[in-house]
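J.: Show me the folded form of this:
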Amino acid sequence: MTDSAKTPRIILLGEFSAGKSTLVNALLEQERSPMRATASHVPPIWYSHGTGASVRVTKDGSEFELDTDDISAVPMDDTQYLRVFVEAPILERCDLIDMPGSSDPNMSPDIWDAVLPQADGAIWCTPSTQAWRQSEAAIWEEVPEELYKHSLLLLTRIDKVRSPEDRARLHARISREVSGQFRGVFPVALLQALQGREDEAMWRQSGMAAFNDAFGEIISEISKGGPVGGALSAMPRPANAEPRIAGEARSESSPVGVEASDAVAVPSAENEPNAPGAPAVVPRRVTRLSGGSTRPRRAGSSDPLL
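T.: Residues are numbered from 1 along each chain as shown. Next up is the predicted model:
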């Protein structure tokens, strides 16, 4: 990244217990984001690269030194966000902003309005067992349309959906519902990704490899800091992973427990969504949906996989 390049700011969104904090820990390659139940009472956490002291930023912009050992005690009513500095490779390429659950009653709309406009891209986590509920869709409708082309939707806990056929149906259904509103839809098993830090095969099976590549592309585009390969080299990878050569073709990875022949389709530059027999994927080139509504509404099915 050149000195004039922009540092991308990626906001992590989703409802409570959707896997956002687990994703942060996977990206940082260390346990930094709170994952316990009380984490819902934590303000947005803005992670940046560095060794400086962590601070609490109030709504008027004042900064106070933060005790990171007990961030759940931070007052929500007067806090805009927490600024936490971590020496992690991913933070050399972007800032990560971990938002509270979108359904958290403790999060003031003022905080949402103050933090969201600062984001250049977004990652929305939705649990596979009840993916993309109406409450999630309604909130996503409120984000700036400019975020769509630099945003990814993660189907977390994909390992809870046992059948490869059900996974394929789930991925196809969600891809249809969010068409044009995310850069891609990726099934991931985040806990397996955390466990696979030293195991390349486990890490790829978790779905993080495909997500990793797409995220690297987005960071590179926002920062305008060079070719895609330069961004990918700083993305989280297992310790025993083979070095990635800039510009080499990406490999497809299967979601957890799915053989390559049965794998849920994931977006890639080679997949043309309109080609005969092509898997259902979100278009790589994002276009605004036509008509008065910006979002297709889900049919009233009670089956989360339909």
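J.: Please count neighbours and contacts with C-alpha atoms only from this point.
T.: Will do.
J.: Residue 186 - how many residues pack around it?
T.: 26 (other CA atoms under 10 Å).
J.: next structured bit after the one helix or strand it maps to?
T.: Residue 186 belongs to strand 184-187 when elements are defined using DSSP states H and E. Beyond strand 184-187 on the C-terminal side, the first helix or strand identified by DSSP H and E is helix 190-195.
J.: Buried residues of that next one, list them for me.
T.: Neighbour-count burial for helix 190-195, counted by 16 or more other CA atoms under 10 Å, picks out 190, 191, 192, 193, 194.
J.: now the residues you listed as TSV including pLDDT?
T.: Shown next, in TSV, are the buried residues of helix 190-195 (pLDDT from 0 to 100):
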residue	pLDDT
190	92
191	90
192	90
193	89
194	86
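J.: Is it correct that residue 211 is in contact with residue 186?
T.: Yes - Residue 211 lies in contact with residue 186 (CA atoms under 8 Å); the separation is 6.2 Å.
J.: coming back round to it: and the strand holding residue 186, what does it pack against?
T.: Under the contact definition 3 or more CA pairs under 8 Å, 6 or more residues apart in numbering; DSSP states H and E, strand 184-187 sits against strand 151-156, helix 164-177, helix 208-223.
J.: Spell out, range by range, the strands that occur in the stretch 51-200 of the chain.
T.: Using DSSP state E, counting those that start in this stretch, the strands found in the stretch 51-200 of the chain span residues 55-58, 63-65, 79-86, 95-98, 121-127, 151-156, 184-187.
J.: May I see those strands arranged in TSV, with mean pLDDT as well?
T.: Output for the strands of the stretch 51-200 of the chain, formatted as TSV (pLDDT from 0 to 100):
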stretch	mean pLDDT
strand 55-58	93
strand 63-65	93
strand 79-86	92
strand 95-98	96
strand 121-127	97
strand 151-156	98
strand 184-187	97
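J.: out of these, nearest to residue 114?
T.: Relative to residue 114, the nearest member of the strands of the stretch 51-200 of the chain by CA to CA is strand 79-86, separated by 7.5 Å.
J.: Adjacent strands (with direction) for the closest one?
T.: Here strand 79-86 is paired, per DSSP bridges, with strand 45-49 (parallel), strand 55-58 (antiparallel).
J.: Now tell me what touches that strand from outside.
T.: 43-59, 66, 111, 114-115 (CA atoms under 8 Å, 6 or more residues apart in numbering).
J.: are any of the residues you listed buried, and which?
T.: 43-49, 54-58, 66, 111, 115.
J.: got any ranges where the stretch 101-250 of the chain has weak pLDDT?
T.: Across the stretch 101-250 of the chain, the ranges flagged by pLDDT under 70 are 103-108, 225-250.
J.: try it again with 90
T.: Scanning the stretch 101-250 of the chain for pLDDT under 90 picks out the ranges 101-116, 139, 142-144, 162, 193-201, 203-204, 224-250.
J.: Spatially, which two of the buried ones among the contacts of strand 79-86 are the most separated?
T.: Farthest apart among the buried ones among the contacts of strand 79-86 by CA to CA are 49 and 111. That separation is 22.6 Å.
J.: my guess is residue 92 contacts residue 49, does it?
T.: Yes - with contact defined as CA under 8 Å, residue 92 reaches residue 49; the gap is 5.8 Å.
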